[in-house]
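> 3D model of this:
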Amino acid sequence: MSRRIGIYGGFFNPLHDGHIHVIKTCIENLNLGKLIVLPTYQNPLKENLGQDSAYSKIFSLRSKINEPLVKVSDFEYRYQMKSTYDVLQKIKTKCDLNSLYLIIGLDQLGQFHRWKKY
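Down below sits the predicted model:
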């Protein structure tokens, strides 16, 4: 099994076929051993959900994504992360970032220059 891990962050509001396509394509083409779907806790570039709605979203994502190599994580909610930079800083205390692939949506690619410490 590959040790490559993908981290697919996003708002996923709503989860749609394009998200599922990205998940399947990344697992296959990047030869990932695991893909972690990391729903955004608080996106400074979008309107955010309330905390109750956020956990409902995580439950919904877990029930809709039926891929054995995918884990939907509440990491950002548990640590109340507000930026990808903060998430990566926390993750690097647990594992080597060189083994990770950061996967983002096209909607964020055009705003990348607005990200914290891009």
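> run through the protein and note the low-pLDDT ranges.
1-2, 43-52, 115, 118 (pLDDT under 70).
> give me that answer again for 80
Across the chain, residues meeting the criterion (pLDDT under 80) sit at 1-2, 42-55, 107-110, 112-118.
> ranges for the strands of it?
Listed in chain order, the strands of the chain (DSSP state E) span 5-10, 34-39, 70-72, 100-103.
> buried residues of stretch 21-41, list them for me.
Of the residues in stretch 21-41, 22-23, 26-27, 32, 34-41 count as buried by neighbour count, 16 or more other CB atoms under 10 Å. Every C-beta, even on glycine, is put in place using the N, C-alpha and C of the backbone.
> quickly check those for the two that are furthest apart.
Within the buried residues of stretch 21-41, Ile27 and Tyr41 form the most distant pair, 24.1 Å apart (CB to CB).
> count of neighbours near Lys57?
21 (other CB atoms under 10 Å).
> again, but for Thr84
Thr84 sits with 22 neighbouring residues when counted by other CB under 10 Å.
> again, but for the one 4 residues further on
Using other CB under 10 Å, the number of residues around Leu88 comes to 16.
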